[in-house]
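Asks: Next comes the sequence, and after it the predicted model I'd like to discuss.
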Amino acid sequence: MPAPLMKILIIVFGALWGALPLTSMAASQPLAEGWEYRWGDIPFNAEGVPDLALAQQPGQWHSIDFPSNPPGRNGRDQVWYRVTLPAGEWQSPVLYIFSVDLIVQVWLDGQNIYQYGTFDKDGRGRFEGWPWHEIALPEGYQNKQLYFRVFSDYTDIGLWGEVSIMDHSELLLYILENSLEALLVAGFSLLVAVLALIFSLLQGGRKTFSSIGLFALASSIMLVAESQASLLIISNALLWDYLAAGSYYLLPVALGLMLDQWLEDRPSRTISLIWKLHLAYLVCALGLALTGVVDLSSTFPPFDALLLFSLFVIGVLTLPRMRSLNGEQQILVFACGVFGALLVADMAVAHGFLPWGQVPVSLGLLFFSLAVVIISFRHYAVTQKSLQDLTVTLEQQVADRTERAETLLQREQARASLLAFENEKSQIFADVIAELQACVSLSQAFQLLVEAMPRLCSPLKGMIYRQTASGTYERLVHWGYGDAHPVLAPIVADAKNLPDPVRLTAGSVEDAEAAGRGWKGLVCFPINIEFASHGTALEGLLLLDGDSISSSGYTEYGAGRLMSSINLVAERIGVTLSGISLREDLQRYSYEDALTGLKNRRYFDQLLAHETAVALRNATPLSLLLLDIDHFKRFNDTLGHEAGDMALQAFASILKSRFRGSDIVCRHGGEEFVVILPGSDVAGARVRAEELREAVRREPVMFEGSTLGHLTISIGVANWPESTGEPEQLLKLADEALYRAKAGGRDNVEVFSEV
């Protein structure tokens, strides 16, 4: 074969191979576990709904790894399967099934949500094709049992292939991706068929090219008919199955014709008998199926057995004579062997001898077609020397176009790289925002940013600064500098010493890209936070190294877009942190007494209920002190409200100093205070109360530099379980004890006792 022609075929083959997708996976959730089966049909009630309650008796359902061909069929043609649908995050969830043998109903919550085929009153029906199935799942399907009613008088019964949950849009993409390889090979085979028929006419009806054209045409029709995308062209599964069957049954006929012509000095009589036998089967099988005598599905198993036998016979006749064949004939026989092996593997999968998987029969057809085309073109090229000059010209054109394509490819790769970079960072940023929204304080949120921002901004070098209580800006973290350190100091005294925030102006893409290539030094993105007390403040700064931006490889095709994205990141972080700040202030105001700084009664009510539940669950004691400042009204009326407020604050300070850790101190209202002592028995609580009473007596109240005297307090103590068997009564009982302490002369501690 001339070298130029061989190069053209290699380039065409490489282009076709490179167009095939490396992966064909859409985001999906396979239903691979929890399947159960039940032989026989389930009775239906008067409303036409299966009485599933009758099928819940013990021993009715049995586990199975995959809902196909359960054990113990014994000629039965009706079976039910069920599985519990898992939870998942989908926009428009659908259940995708590769295929079903042969017809199916799907039930969920007593509703028939999908049906393929027609079931008669006995639960049976006729074959109506092998499509893929898309079953829309209603809202709230999660964790519910899905039932499948299946009838099949075929060799297989049940679901077949892949069973997964995915989004409707992803399913369509998945179908197209799975079919792309077959459609490309089908297109190539169709091109081979056209060329072969043209060469057959130019060569006076030469049989070699006619058989090649027949094989290529049959293979291309079979690939299109068996591809899942065929139903997107014409939604008629039975029509495509007839086309697939006809082209599939025609393949050994075309294969036998080619071998009969290529090996005409070999045992061609047996091969001729084989392809004629297959031709007779083709006519009879399709004729009987079209007239309704048999189902089309029942014609596949006998043909598979016949094809397996034919391939075995051809192999036995051909392999012993391999050494006597020339190189071209050996290549042809090897290509036939590869194609035949893939057909046998596909048959084994279809009949359950091998686990399910998509056998690349299309690649076998492609390999066989290429082998035949290369050999046939070689013979044709020997007599067509005049094409050599044209081939040289074509090679040059291909080289020029390849060079132009590579230039365009490099630019598109750069754009694709930027898009991939943005998509990756968008996902990380979404996770960061979700984690920020779960933070309860700004300190926790900034700690999260310290951990997340290096991952979000990489590979760009940068750092984060936060304003301290003294007004300076402190560096929280830096990244991307390796062993070196940023030129900016760890602590900056004033915002004036920091770079000016970046300002993005509207302009052309070219202007933004030019500006991005010229960025030097640090580029500053402000993080403004809104506070309830003093409004919006520049609380944080995101600083990125301009040199790393310019050298990142992204600025050439998207500088303005990249900077705009980072600016939006900083703004979104600021908005989220503002929400945390306002929520934090609101939480503090909601549970804090403004005068004393102690927790208020609302907080006490919630904590008492919580501590009561903990004490009951862990069987640990719980004590409660109810305190009241003696004669506070007289103190307030005599010395004034400002002095009274000062007395309350002084008393609150004593409480804060005496009770810490797990103790809970709250202002209950007016001059009343309450202390919860988790884990404290009644003796310990009384000691703590006496110590507090003595401490208050010793501490003078100061107001405007003068001493207003000393306070005394009365305390009521109640304990669970010593005071009561119902911890919910502690506050009431402590109040009764406090009343007795006041009645007993005040400046006293009383413990409630049932006695």
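Replies: In hand now; what should we look at? Model, not experiment: these values are computed from the prediction. Residues are numbered from 1 along each chain as shown.

Asks: and the closest residue to residue 659 other than its chain neighbours, how many residues sit next to it?
Replies: Nearest non-adjacent residue to residue 659, counting by Cβ to Cβ, 6 or more residues apart in numbering: residue 665, 5.0 Å away. In short, each C-beta sits where N, CA and C put it, glycine included. Residue 665: 20 surrounding residues under other Cβ atoms under 10 Å.

Asks: list the contacts for residue 665?
Replies: Residue 665 makes contact with 598, 599, 655, 656, 659, 673, 674, 675, according to Cβ atoms under 8 Å, 6 or more residues apart in numbering.

Asks: Let me know the closest of the residues you listed to residue 119.
Replies: Distances from residue 119 to the contacts of residue 665, taken as Cβ to Cβ, are shortest for residue 599 (68.2 Å).

Asks: partners of the closest one in the sheet?
Replies: residue 592, residue 666 (DSSP bridges).

Asks: which residues in the stretch 451-600 of the chain form helices?
Replies: In the stretch 451-600 of the chain, the helices defined using DSSP state H, counting those that start in this stretch lie at 509-517, 546-550, 555-591.

Asks: Go through these and find the least confident stretch.
Replies: The weakest mean pLDDT among the helices of the stretch 451-600 of the chain belongs to helix 509-517, with a mean of 48.

Asks: mind checking pLDDT for the closest residue in space to residue 331 that isn't next to it in sequence?
Replies: Spatial nearest neighbour of residue 331, chain neighbours left out: residue 371 (5.4 Å); criterion: Cβ to Cβ, 6+ apart. Note on residue 371: pLDDT of 75.

Asks: pretty sure residue 371 is touching residue 339, no?
Replies: No. Assessed by Cβ atoms under 8 Å, residue 371 is found out of contact with residue 339, at 9.3 Å.

Asks: Who has more neighbours out of these two?
Replies: Neighbour count, other Cβ under 10 Å: between residue 371 and residue 339, residue 339 has more, with 23 against 19.

Asks: quick one: residue 101 and residue 674, what's the gap?
Replies: For residue 101, the distance to residue 674 equals 74 Å [Cβ to Cβ, to the nearest Å].

Asks: One more: residue 163?
Replies: Counting by Cβ to Cβ, the gap from residue 163 to residue 674 is 61 Å.

Asks: what do you get for residue 491?
Replies: Distance from residue 491 to residue 674, by Cβ to Cβ: 44 Å.

Asks: of the two, who's got more company?
Replies: residue 674 (24 against 12).

Asks: Pull the contacting residues for the nearest residue to residue 88 once chain neighbours are set aside.
Replies: Closest residue to residue 88 apart from its sequence neighbours, by Cβ to Cβ, 6+ apart: residue 29 at 5.2 Å. For residue 29, the contact set (Cβ under 8 Å, 6+ apart) comprises 86, 88, 164, 165, 166.

Asks: out of the residues you listed, which are buried?
Replies: Among the contacts of residue 29, those classed as buried by 16 or more other Cβ atoms under 10 Å are 164, 165, 166.

Asks: Nearest to residue 719 among those residues?
Replies: Checking these one by one against residue 719 (Cβ to Cβ), the nearest turns out to be residue 165, at 56.7 Å.

Asks: Nearest to residue 642, out of the contacts of residue 29: which one, please.
Replies: residue 88 (63.5 Å).
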